[in-house]
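**Q** Just to be clear, the model below is a prediction. Sequence and coordinates:
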Amino acid sequence: MNRKRETLTDNHHPDSILSILEHHAHVRGDAIAIRFLENGDIEKTSLSYRELHQRAKQLARDLRAQCEKGDRAILWYPQGAEFIISFFACMYAGLLPVPYAYSTLTLNEVQQKKILSV
């Protein structure tokens, strides 16, 4: 099988990470975009490029209904697919994603004010 694999440089000149995701969603839709492992070897979650693109676009529509372009969005998630989806959704919605280290600990009032001041 001597098939030429299409690369971004063949017919596509990306100008952002979003255009790269869109390109892969159209060209390599069913290929795995992200995979999260549990204990380093058991697949916990995976998303194809198409699924990632579609879920991020849907969340972006919801965010645009609640936020203004240029607003900051704190992303406080444990490691996993939801963080990645939310990150891309913020960018699609024109928001500035601000990752914040997730903790299962309860935040005190000072920590909450610090986060909300971002």
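**A** Yep, it's here. Numbering: from 1, shown residues only.

**Q** Enumerate the positions of stretch 71-82 that are buried.
**A** Of the residues in stretch 71-82, those buried by neighbour count under the rule 16 or more other CB atoms under 10 Å are 73, 75, 77, 81. All C-beta spots, glycine's among them, are computed from the backbone N, C-alpha and C.

**Q** What are the contacting residues of it?
**A** By CB atoms under 8 Å, 6 or more residues apart in numbering, the list of residues contacting stretch 71-82 from outside reads 34, 36, 44-47, 63, 67, 83, 86-87, 90, 95-100, 102, 115, 118.

**Q** distance between the ends of that stretch?
**A** For stretch 71-82, the first-to-last residue distance is 20 Å (CA to CA, to the nearest Å).

**Q** likewise stretch 74-88?
**A** Start-to-end span of stretch 74-88 (CA to CA) is 13 Å.

**Q** Show me the shaky parts of the protein.
**A** Residues of the chain that meet the criterion pLDDT under 70 lie in 1-14, 101-118.

**Q** in it, which spans are helices?
**A** Ranges of helices in the chain, per DSSP state H, are 8-11, 17-27, 49-66, 81-93, 109-116.

**Q** residues near A89, how many?
**A** 23 (other CB atoms under 10 Å).

**Q** Pull the number of nearby residues for the nearest residue to it once chain neighbours are set aside.
**A** In this structure, A89 finds its nearest non-sequential neighbour in L59, 3.6 Å apart by CB to CB, 6 or more residues apart in numbering. The local packing of L59 (other CB under 10 Å) involves 18 other residues.
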